[in-house]
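Colleague: When you get a sec, could you give me coordinates for this:
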Amino acid sequence: MNHESVTKSWPGEADIQTDLNFTINDFLGGSVRLIQPREGYRVSMDTVFLAASVPARPGERVLEGGVGSGGASVLLAWRLAGVQVHGIDIQDDMLALARRNVDFNELSSQVTLAKGCVTDLSGPEGQYDHVMVNPPYLEPGTAIRPPAASKGLAHMDSTAALKDWVNFCLHNVKHKGTVTIVYRADRMDEVIARLYRRVGDIRIMPFWPRQGVAAKRVIIQGRKGVRGVASILPGLALHGEEDRYTAEAEAILRRGEALDLKSFACSRQ
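Modeller: As a prediction, the model looks like this:
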């Protein structure tokens with residue numbers, strides 16, 4: 001893990017702070033800082049948990065579909081020195097912002113970005129050890145589309161359906177490589193149906209806002225082309241009785257620790 005001091009000099013910070021269209025926000029206790037649009041799509045906890053849960057090792061290649069402002073790719077590269085991350089996005093403005101975030105966090109040696117759409121499966125198959133995605137959570141017609149273009153594409157299926165996101169993952173990941181998807185808990189059955197007989201050893205990780213409250217998000221992770229039963233993990237409560245994060249959530253969100261779904265299952269049994 002790249003434990004650089006949070007007091008380091010951040011390249012171009014002064015210029016960014018004077019731009020009223022953007023903000024600079026701290027993640028992982030300030031070890032990672034992301035430039036984000038003041039209006040539009042902004043990185044959430046989902047992004048942090050997604051990046052934390054990918055079980056990559058030094059020398060392996062990770063692909064992210066729909067990088068947005070680059071949050072998950074940057075966070076993963078910061079946590080795992082030696083891992084190569086490649087991300088694609090369909091929006092030119094978000095790609096430009098993602099490139100700024102890669103440079104801002106001095107991770108250009110680990111993270112590369114390119115324009116692309118998850119519906120384009122014309123490239124060679126099985127080039128990546130791991131693929132991670134955070135697909136839009138809403139179906140067209142089920143809610144009012146956010147006015148900001150970047151936020152609208154991030155939250156509503158408009159250019160690609162859920163099946164396209166799953167097909168993108170399976171096309172690009174190697175045999176026995178992992179697919180990691182963060183999604184709405186009330187739509188996880190759709191994800192699992194798309195993975196059926198194509199991905200095995202599936203682990204479903206619910207995130208409870210607090211104990212006794214229904215999960216809103218889940219991480220679904222499995223391995224392409226392997227057999228193995230699906231398992232629902234005990235889950236992670238984000239908040240305790242007060243609004244403070246639980247110790248387990250704090251370790252991931254503030255200290256940048258990994259969310260190892262396999263170890264989590266073993267340690268909670």
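
Colleague: Helices along the stretch 101-250 of the chain, start to end?
Modeller: 149-155, 162-172, 188-195, 247-253 (DSSP state H, counting those that start in this stretch).

Colleague: correct me, but V102 touches A96?
Modeller: No: with contacts counted by C-beta atoms under 8 Å, V102 stays clear of A96, the gap being 10.9 Å. Heads up, the C-betas are built off the backbone N, CA and C, glycines and all.

Colleague: The two: which has the busier surroundings?
Modeller: V102 (23 against 12; other C-beta atoms under 10 Å).

Colleague: The more buried one: what's its closest spatial neighbour, skipping adjacent residues?
Modeller: V111 (4.7 Å; C-beta to C-beta, 6 or more residues apart in numbering).

Colleague: V43 now?
Modeller: G71 (3.8 Å).

Colleague: What number of residues are in the vicinity of the one you found?
Modeller: 27.

Colleague: For it, what are phi and psi?
Modeller: Main-chain dihedrals, G71, degrees, to the nearest 10: phi -60, psi -50.

Colleague: any idea how far R223 is from V191?
Modeller: Distance, R223 to V191, by C-beta to C-beta, to the nearest Å: 15 Å.

Colleague: quick one, which of the two is more surrounded?
Modeller: V191 (25 against 21).

Colleague: all strands for the protein, in order.
Modeller: Listed in chain order, the strands of the chain (DSSP state E) span 22-27, 32-37, 61-65, 84-89, 111-115, 128-133, 173-184, 199-210, 217-224, 231-232, 236-239.

Colleague: what's the last one packed up against?
Modeller: Applying 3 or more C-beta pairs under 8 Å, 6 or more residues apart in numbering; DSSP states H and E, one finds that strand 236-239 makes contact with strand 199-210, helix 247-253.

Colleague: and G82, which of the ones you listed is closest to it?
Modeller: helix 247-253 (20.5 Å; C-beta to C-beta).

Colleague: on that earlier part again, export the helices and strands packed on strand 236-239 to TSV and append columns for mean pLDDT and mean neighbour count.
Modeller: Shown next, in TSV, are those (pLDDT from 0 to 100; neighbours: other C-beta atoms under 10 Å):
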stretch	mean pLDDT	mean neighbour count
strand 199-210	96	19
helix 247-253	95	16
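
Colleague: any chance of those in JSON lines, with distance to S44 too?
Modeller: What follows is these, written out as JSON lines (distance: least, C-beta to C-beta, whole Å):
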{"stretch": "strand 199-210", "distance to S44": "11"}
{"stretch": "helix 247-253", "distance to S44": "11"}
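
Colleague: quick one, which of those is nearest to V67?
Modeller: Closest among the helices and strands packed on strand 236-239, using C-beta to C-beta: helix 247-253, at 20.0 Å.

Colleague: ok so, going back, deepest-packed of the helices of the stretch 101-250 of the chain, please.
Modeller: helix 162-172 (a mean of 21; mean count of other C-beta atoms under 10 Å).

Colleague: what's the angle between it and strand 84-89?
Modeller: Per axes from the mean of the first three to the mean of the last three C-alpha atoms, to 10 degrees, the angle that helix 162-172 makes with strand 84-89 is 150 degrees.

Colleague: Report the inter-axis angle for helix 162-172 versus helix 188-195.
Modeller: Using the same axes, to 10 degrees: helix 162-172 against helix 188-195 is 40 degrees.

Colleague: other SSEs contacting helix 162-172?
Modeller: strand 61-65, strand 128-133, strand 173-184, helix 188-195.
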